[in-house]
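Visitor: Provide a 3D model corresponding to the input given below.
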Amino acid sequence: MKFEARTTIKSQVLADFVGDNTPTECMEENLSESERESWKLSVDSSSCITGSGAGVLLVSPSGWTLEYALRFGFKATNNEAEWEALIAGLIIAKHLEVQRIEVSSDSQLVVGLACGEYEPREDSMVKYLSHFQSLKPTFKVLRVTKIPREENA
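Guide: All right, here's what the predicted structure looks like:
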């Protein structure tokens, strides 16, 4: 570990930041119960000739954050790596007894398969989809949405 002292921040900048990022009561009242209680899961992966891996970010409704970096010990295509990231994130959420979860991924294929918009053509996609569907009953609410690549940090 390495300690680095922070530079001084003018007090007004800090006050503005806190004011801008603190939800007001009326903002929270406009959220549905499921939105207030939903965990957020963001997944992304990478695959190349030297290996593959994924990043998983799980955020609780109160803002508590878990970040995981996964390195796969097997060769995986980009789509397989995306599925691995999604399934790993859901397994972590399952162990935390999460009931409501909103997943975001930049993979059109994975989101399309998970939402039932696409039919799997390859055996590996059939197996990943089957594993995903076996995890679905664990959650009261499981929503998977596609986000643009540039928004998936």
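
Visitor: buried set for the top helix by length along the chain?
Guide: For the chain, the helix with the greatest residue count under DSSP state H is helix 78-95. Across helix 78-95, burial judged by 16 or more other Cβ atoms under 10 Å covers 79-90, 93. C-beta here means a position set from N, CA and C on the backbone, and glycine is covered the same way.

Visitor: and if you look at stretch 95-105?
Guide: Across stretch 95-105, burial judged by 16+ other Cβ under 10 Å covers 98, 100-105.

Visitor: Please, where are all the strands along the protein?
Guide: For the chain, the strands defined by DSSP state E cover 39-48, 51-59, 65-72, 100-105, 141-146.

Visitor: For those strands, give me CSV that also has distance to E119 and mean pLDDT.
Guide: Compiled in CSV, the strands of the chain are given as follows (distance: least, Cβ to Cβ, whole Å; pLDDT from 0 to 100):
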stretch, distance to E119, mean pLDDT
strand 39-48, 22, 87
strand 51-59, 24, 89
strand 65-72, 26, 89
strand 100-105, 18, 94
strand 141-146, 16, 92
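
Visitor: Now render these as CSV, adding distance to A114.
Guide: Below are these laid out as CSV (distance: least, Cβ to Cβ, whole Å):
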stretch, distance to A114
strand 39-48, 11
strand 51-59, 16
strand 65-72, 19
strand 100-105, 8
strand 141-146, 4
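
Visitor: out of these, nearest to K127?
Guide: strand 65-72 (15.5 Å; Cβ to Cβ).
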